[in-house]
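> this one's structure only:
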Ligand SMILES: [Zn+2]
Ligand SMILES: [Zn+2]
């Protein structure tokens, strides 16, 4: 292999093979072997680029016959007999989606609060598996009880003093409403007015109470204010009814017994409407 032309051609063929142009490389090796059939490196190189294992094997063998220590042919033959397995591509990790609530393929999940309960549901905030009993449906999806509590802790900031102040303010305002109702008497026209004004009265009480407690929210503030609206509105007329009843027992006209509870109708109507308005305003 002293011919420099052959050496140049050989370098060219190796380079072509390295670049993956196997067909072109085969042609180049064959061209060399036509001119110099005893070039072991050309046989070995040919073995690397031939299409079938049998052809490769015979090419390598030819190279080794010519040059038993030929490195290229030896490694090629070794590779042919002991093919190293292609490294398996890493399985792509499944994209993690806490928002993907029902995971039907994830059958082995169990509720983190009930380890014996299998579930396919996850909290869409912390992704913990939760069973149907623990899951709370919110406007943004299923949530676990821990997340619900955590979010509520930030939402409900009212302290005990706020509850006290809220009940004083709403009760005081509602007693005023009850006293006003005492003086307007009773007529069908009045009931229509109460029907229309009750909602406005209730939300006004709610608004002023909320203002008084610094707009802080409490889980039971709406319930408390609604109760205060009812009690406050009815209390004045209940007192009047009580006075009338006491008068009856003291020996008054028994025909007055029917009229004793007359004044309470208007406050009852008002408190039903106003209490629900206050409740939903504060909710
Ligand atoms: Zn559970
Ligand atoms: Zn959660």
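All right, it came through fine. Predicted model, so just to flag it, every value in this text is computed and none were measured. Residues are numbered from 1 along each chain as shown. Ligands and ions are numbered 1, 2, ... in the order given.
> CA only for contacts and neighbour counts going forward, please
Noted.
> which positions in stretch 275-283 come out as buried?
Buried residues in stretch 275-283, counting neighbours by 16 or more other CA atoms under 10 Å, are found at 275, 276, 277, 278, 279, 281, 282.
> again, but for stretch 12-28
13, 14, 16, 17, 22, 25, 26, 28.
> stretch 194-203 now?
194, 195, 198, 199, 200, 201, 202, 203.
> which of these fall within helices?
194, 195, 198, 199, 200, 201, 202, 203 (DSSP state H).
> any chance of these in CSV, with distance to residue 81 and pLDDT too?
Below are those laid out as CSV (distance: CA to CA, whole Å; pLDDT from 0 to 100):
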residue, distance to residue 81, pLDDT
194, 99, 86
195, 96, 83
198, 95, 93
199, 91, 94
200, 92, 94
201, 94, 95
202, 91, 96
203, 89, 96
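> assign a three-state SS to the residue in the stretch 151-283 of the chain that ligand 2 sits nearest to, would you?
Ranked by CA to the ion, the top residue of the stretch 151-283 of the chain for proximity to ligand 2 is residue 151, at 10.1 Å. Secondary structure, DSSP: H, G, I helix; E, B strand; the rest coil: residue 151 is helix.
> tell me which helix or strand residue 245 sits in.
helix 221-249 (DSSP states H and E).
> what's the answer for residue 125, then?
Per DSSP H and E, there is no helix or strand for residue 125.
> run a quick neighbour tally on it.
Residue 125: 15 surrounding residues under other CA atoms under 10 Å.
> by contact count, what packs against the helix or strand harbouring residue 278?
In this assignment (DSSP H and E), residue 278 forms part of helix 265-282. On a contact count with 3 or more CA pairs under 8 Å, 6 or more residues apart in numbering; DSSP states H and E, helix 265-282 meets helix 160-183, helix 188-212, helix 221-249.
> kindly calculate the angle that the shortest one makes with helix 188-212.
Put plainly, it is helix 160-183. 160 degrees (axes from the mean of the first three to the mean of the last three CA atoms, to 10 degrees).
> tell me which residues in helix 160-183 are buried?
For helix 160-183, by 16+ other CA under 10 Å, it's 162-163, 166-167, 169-175, 177-179, 181-182.
> likewise for stretch 242-250?
So, applying 16+ other CA under 10 Å, buried residues of stretch 242-250: 244, 245, 248.
> what of stretch 66-82?
66, 70, 72, 73, 74, 76, 77, 80.
> turn the ones in helices among the buried residues of stretch 194-203 into TSV, columns for distance to residue 268.
Below are those laid out as TSV (distance: CA to CA, whole Å):
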residue	distance to residue 268
194	10
195	11
198	11
199	13
200	16
201	14
202	13
203	17
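> ok, so of those residues, who is nearest residue 109?
residue 203 (47.2 Å; CA to CA).
> looks like the closest one contacts residue 274 (just checking).
Yes - with contact defined as CA atoms under 8 Å, residue 203 counts as touching residue 274 (7.1 Å).
> would you mind listing what in this protein touches ligand 2?
123, 126, 144, 147 (CA under 5 Å from the ion).
> let me know the pLDDT of the second one.
Read that as residue 126. Confidence at residue 126, expressed as pLDDT, is 92.
> what separation is there between the most centrally placed residue in the chain and ligand 1?
The residue lying closest to the centre of the chain (CA atoms, centre = their mean) is residue 124, at 2.6 Å. Distance of residue 124 to ligand 1, given as CA to the ion, to the nearest Å: 15 Å.
> sorry, back to before: mind putting the buried residues of stretch 275-283 into JSON lines with pLDDT?
Converted to JSON lines, those look like this (pLDDT from 0 to 100):
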{"residue": "275", "pLDDT": "97"}
{"residue": "276", "pLDDT": "96"}
{"residue": "277", "pLDDT": "96"}
{"residue": "278", "pLDDT": "96"}
{"residue": "279", "pLDDT": "97"}
{"residue": "281", "pLDDT": "95"}
{"residue": "282", "pLDDT": "94"}
